[in-house]
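**Student:** next one to model:
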Amino acid sequence: MRHRLLEACVDCLVEHGWSGTSTTLVSQRAGVSRGAQLHHFPTKNDLVVAAVEHLTETRGRELVAAAAALPHGERRTRAVLQMLADHFTSAVFSAALELWVAARTDETLLAAVAPLEARVGRETHRLTVELLGCDESRPGERELVQATLDLVRGLGLADTITDDARRRARILDRWALTLDTVLKERP
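**Tutor:** Prediction:
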């Protein structure tokens, strides 16, 4: 039941945003009574904080699973970028984005979201370093990885307003060429 409530909360965040998500709506979506929801999560903040933790775990699992399916060889860099772009345009990212915006002005939510987002950021950075075969002891490579993550996150933000797939594909094609060129020029 707890899992159903957390999944329903994430779904509601994606479909209705922060302001449109209520504990009543989450209960209905999960198919549980209001009393059962209150037993597990007495307040919206309790529910959302637990959903943030659930969302963090889900995002991590999705990235690891996608990384395991990546090809090796000439098109790997582009495939890594696509995997990251898919992550940052997913429903799970949209739900996380709703929480980021709400946390900006809600101290309780910020206290829950900030450390979890920092963890996701570190894990995503580490995974990207590994997948691109970067060596962060070399000057500039850490910044390349961070620029890559900032780029795909920004493309994900643009996608929340309009379908940006064609432009995103062109940008990722060009960035893959740039990364391959820079990373192959290592001494």
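**Student:** quick one: contacts for the nearest residue to residue 44 once chain neighbours are set aside?
**Tutor:** The spatially closest residue to residue 44, leaving aside those adjacent along the chain, is residue 23, at 5.3 Å (Cβ to Cβ, 6 or more residues apart in numbering). In short, each C-beta sits where N, CA and C put it, glycine included. Residue 23 makes contact with 34, 37-38, 41, 43-44, 47, according to Cβ atoms under 8 Å, 6 or more residues apart in numbering.
**Student:** one more time with 7 Å
**Tutor:** Listed by Cβ atoms under 7 Å, 6 or more residues apart in numbering, the contact set of residue 23 reads 37, 44, 47.
**Student:** the last one and residue 34, how far apart?
**Tutor:** Pointing back at residue 47 there. Taking Cβ to Cβ, to the nearest Å as the measure, residue 47 and residue 34 are separated by 12 Å.
**Student:** between these two, which has more neighbouring residues?
**Tutor:** Just comparing residue 47 and residue 34: by other Cβ atoms under 10 Å the higher neighbour count belongs to residue 47, 24 against 12.
**Student:** for residue 101, see how far away the residue lying closest to the more buried one once chain neighbours are set aside is.
**Tutor:** Of all residues not flanking residue 47 in the chain, residue 41 sits nearest, at 3.8 Å (Cβ to Cβ, 6+ apart). Between residue 41 and residue 101 the distance is 21 Å, computed by Cβ to Cβ.
**Student:** more neighbours, those two?
**Tutor:** A side-by-side neighbour count of residue 41 and residue 101, using other Cβ under 10 Å, places residue 41 first with 22 against 13.
**Student:** many thanks, I have nothing further to ask.
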